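>>> No letters, just coordinates:
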DNA sequence: CGATAAACGGACGATATCGTCCGACTAATC
DNA sequence: GATTAGTCGGACGATATCGTCCGTTTATCG
């Protein structure tokens, strides 16, 4: 009765556009998940995430069909943030060491949003996310190599070294009271360690 | 019938000694828990730990009445290992920087056994454990200050800095393929960063 | 403003893990 | 080798979380 052939075609034509509130909720869920995962780990109950986001658990599953899908989206978001930070660092008008310093400081600052940058756990990494990660690594690598070519940074240091140190700072130590301050101190020491001739820690020149 | 007063006193006298196999199982459970917690997090099912240790779940609960008790024991064990390592480092006949290097390398080596050295999570820290931790920090501090007094190590570096870096290395990054190698590279850079005059990285002298 | 596609949100059965309990077993002692 | 305190280990009911389903609500379009 309802479904004549012409009607079915009509249906396709009469598609409604997506609703804006849906996208808002999607973002709210992702943000709440980022905080919750950092606080309680990847096994945090979906109900907790839903409550924190102010939505029902059904809405969470609507946007992310499974826990893995949600964690995957978190990972993608984190790497995008890393890439953006690396690009801002590369665009700076400063010495290589200071660009790296900027990158590390921003990484510390974004800490709570970088949920699974490299964290293990059941985080599936899709191809698009891998591409973003690779691009971020390349961008950081170009900064590093530039510093090595102009002789200010030790040549033994690899881009992987810097990436791993950044990941350590992003991961953090949950128990340390003032982690951001502590992390900045770690970064200072690390930066001194990759400098080629620490006699002049880059005042002018 | 059974419980005359004299019998009760007999009971106390007739105490059996503890059985050795019980202690063995206790250790096996703790070792299995260390590995399992590192692999799956603090929420790892008790049944998994029991299976890995080759015992029943009842035995796990016998020795550690609750999950928190087990995690607490793990934490204590970790800090004892740290303290022991710090003491071995302090006993070395070497420059301060090399003692710290030894400490960091051993920390990397023991990685899988240092489950909750400072890890957050639901790990209750009892007073005895705090005492062990404090002693470990003091021991490391004395090494550091010695290096600062003889001018080989930068005076801005605090014992907390070194402890936190060690904790980062112990925690690790689960996803990095050859973590121990990567960690050693991090340590090399860090050590260069705390050196006062890296012109002579301590060959002879 | 009315119609309707799309989104919301919580109730629900299924499943997994918890910590306890108790009969079987084993090592230490006589 | 017999006795027995102390240990082992898995079955069990209780509880928590999962992911789905569907009636209700809301934003968009004519």
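Good, I have the coordinates. Every value quoted in this text rests on a predicted model; they were computed, and no experiment measured them. Residues are numbered from 1 along each chain as shown, chains lettered A, B, ... in the order given.

>>> Could you list the low-pLDDT ranges of chain A?
Counting by pLDDT under 70, the ranges of chain A that qualify are A:1-18, A:112, A:115-124, A:197-205.

>>> please redo it, this time with the cut-off set to 50
For chain A, the stretches with pLDDT under 50 are A:1-14, A:119-122, A:198, A:200-205.

>>> Around DNA strand D, pick out the residues from it.
For chain A, the residues in contact with DNA strand D (C-beta under 7 Å from any atom of the strand) are A:16-17, A:19-21, A:43-47, A:57-58, A:61, A:65-67. (Each C-beta comes from the backbone N, C-alpha and C, glycine too.)

>>> Among these, name the buried ones.
For those, a neighbour count by 16 or more other C-beta atoms under 10 Å in any protein chain shown gives the buried set as A:44, A:46, A:61, A:67.

>>> between the helix or strand containing residue A:191 and helix B:179-194, how big is the angle?
Here residue A:191, judged by DSSP states H and E, is contained in helix A:179-194. With axes from the mean of the first three to the mean of the last three C-alpha atoms, to 10 degrees as the basis, helix A:179-194 and helix B:179-194 are set at 80 degrees to each other.

>>> Any buried residues in helix A:179-194, and which?
Applying 16+ other C-beta under 10 Å to helix A:179-194 flags A:179, A:182-194 as buried.

>>> which secondary structure elements does that helix contact?
Using 3 or more C-beta pairs under 8 Å, 6 or more residues apart in numbering or on different chains; DSSP states H and E as the contact test, the elements touching helix A:179-194 are helix A:96-109, helix A:159-171, helix B:159-171, helix B:179-194.

>>> about what we covered before: filter the buried residues of helix A:179-194 down to the ones close to DNA strand C.
Answer for the buried residues of helix A:179-194 near DNA strand C: none qualify (C-beta under 7 Å from any atom of the strand).

>>> and of those residues, the nearest to chain B?
Of all these, chain B sits closest to residue A:193, with 3.0 Å by C-beta to the nearest C-beta.

>>> And the closest one, how far from residue A:22?
Applying C-beta to C-beta, to the nearest Å, the value for residue A:193 to residue A:22 is 48 Å.

>>> before we move on, the earlier item: JSON lines for the helices and strands packed on helix A:179-194, including distance to residue A:138?
Output for the helices and strands packed on helix A:179-194, formatted as JSON lines (distance: least, C-beta to C-beta, whole Å):
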{"stretch": "helix A:96-109", "distance to residue A:138": "13"}
{"stretch": "helix A:159-171", "distance to residue A:138": "8"}
{"stretch": "helix B:159-171", "distance to residue A:138": "25"}
{"stretch": "helix B:179-194", "distance to residue A:138": "19"}
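
>>> For residue A:153, give me phi and psi.
When read as degrees, to the nearest 10, the backbone of residue A:153 gives phi -120, psi 140.

>>> ok, and the closest non-adjacent residue to it?
Nearest residue to residue A:153 in three dimensions, chain neighbours excluded: residue A:147, at 3.6 Å (C-beta to C-beta, 6 or more residues apart in numbering or on different chains).

>>> helix or strand for that neighbour, which one?
With DSSP H and E as the test, residue A:147 turns up in helix A:127-149.

>>> between that helix and helix A:96-109, how big is the angle?
If you take the same axes, to 10 degrees, helix A:127-149 sits at 140 degrees to helix A:96-109.

>>> Buried residues of the longest helix that chain A contains, list them for me.
In chain A, with assignment by DSSP state H, the single longest helix is helix A:67-91. Within helix A:67-91, the residues scored as buried using 16+ other C-beta under 10 Å are A:67, A:70-83, A:85-86, A:89-90.

>>> still on that earlier bit, any residues touching the helix holding residue A:147, and which ones?
For helix A:127-149, contacts defined as C-beta atoms under 8 Å, 6 or more residues apart in numbering or on different chains pick out A:72, A:75-76, A:79-80, A:82-83, A:86-87, A:89-90, A:95-97, A:99-100, A:103, A:125, A:153-155, A:157-159, A:162-163, A:166.

>>> ok, the residue positioned nearest the centre of chain A to residue A:125 distance?
Geometric centre of chain A, nearest residue: residue A:78, 1.8 Å, by C-alpha atoms, centre = their mean. Per C-beta to C-beta, residue A:78 is found 11 Å from residue A:125.

>>> Also residue A:189?
Residue A:189 is 31 Å from residue A:125, where distance means C-beta to C-beta.

>>> so residue A:192 makes contact with residue B:193?
Yes. Counting by C-beta atoms under 8 Å, residue B:193 is a contact partner of residue A:192 at 4.0 Å.

>>> still on that earlier bit, could you give the angle of the helix holding residue A:191 to helix A:159-171?
Angle, helix A:179-194 to helix A:159-171, by the same axes, to 10 degrees: 160 degrees.

>>> contacts for helix A:179-194?
A:97, A:100-101, A:104-105, A:108-109, A:111, A:153-154, A:157, A:161-162, A:165, A:169, A:172-173, A:176, A:198, A:201, B:154, B:157-158, B:160-161, B:164-165, B:168, B:188-194.
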